[in-house]
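K.L.:
Fold the following.
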Amino acid sequence: MYIYRDVDMAKNITLSADDMLIKRAREKARRENTSLNQLFRNWLKKYVNRDNLGTEYDSLMEGMADARAGRKFSRDEMNAR
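P.N.:
Residues are numbered from 1 along each chain as shown. The predicted structure is shown next:
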């Protein structure tokens, strides 16, 4: 199991995409106060760790095994939105 950890050593890579797509992506990133570089790093972290999501969920549920609601909820309470 590999979990990405931030390190000071960054490597450069080259990607290619349609010019108009890159322009639109940069504009959107600017509106979101970020950069394409940061968006790609975030995506890459999620992509690499995607296989671990089930394991993380199982661990979370195990950690919450002792959590109790305190009482049983009625059908109406459980279906209320």
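K.L.:
CA only for contacts and neighbour counts going forward, please
P.N.:
Noted.
K.L.:
Residue 29 contacts residue 35, correct?
P.N.:
Yes: with contacts counted by Cα atoms under 8 Å, residue 29 reaches residue 35, the gap being 5.3 Å.
K.L.:
immediately after the least confident helix or strand in the chain by mean pLDDT, which helix or strand?
P.N.:
Lowest on mean pLDDT, DSSP states H and E among the helices and strands of the chain sits helix 53-63, with a mean of 77. On the C-terminal side of helix 53-63, the nearest following helix or strand under DSSP states H and E is helix 75-79.
K.L.:
Show me which parts of that following helix are buried, residue by residue.
P.N.:
For helix 75-79, a neighbour-count test (16 or more other Cα atoms under 10 Å) marks nothing as buried.
K.L.:
gap between stretch 42-57 and the chain center?
P.N.:
Its chain's average C-alpha position is 7 Å from that of stretch 42-57, according to Cα atoms, centre = their mean, to the nearest Å.
K.L.:
got the end-to-end distance for that stretch?
P.N.:
The first and last residues of stretch 42-57 sit 20 Å apart, counting by Cα to Cα, to the nearest Å.
K.L.:
Please apply the same query to stretch 45-65.
P.N.:
One end of stretch 45-65 sits 29 Å from the other (Cα to Cα).
K.L.:
Check stretch 24-39 too.
P.N.:
Terminal residues of stretch 24-39 are spaced 14 Å apart (Cα to Cα).
K.L.:
Can you say which helix or strand has residue 14 in it?
P.N.:
Residue-wise, residue 14 maps onto no helix or strand under DSSP H and E.
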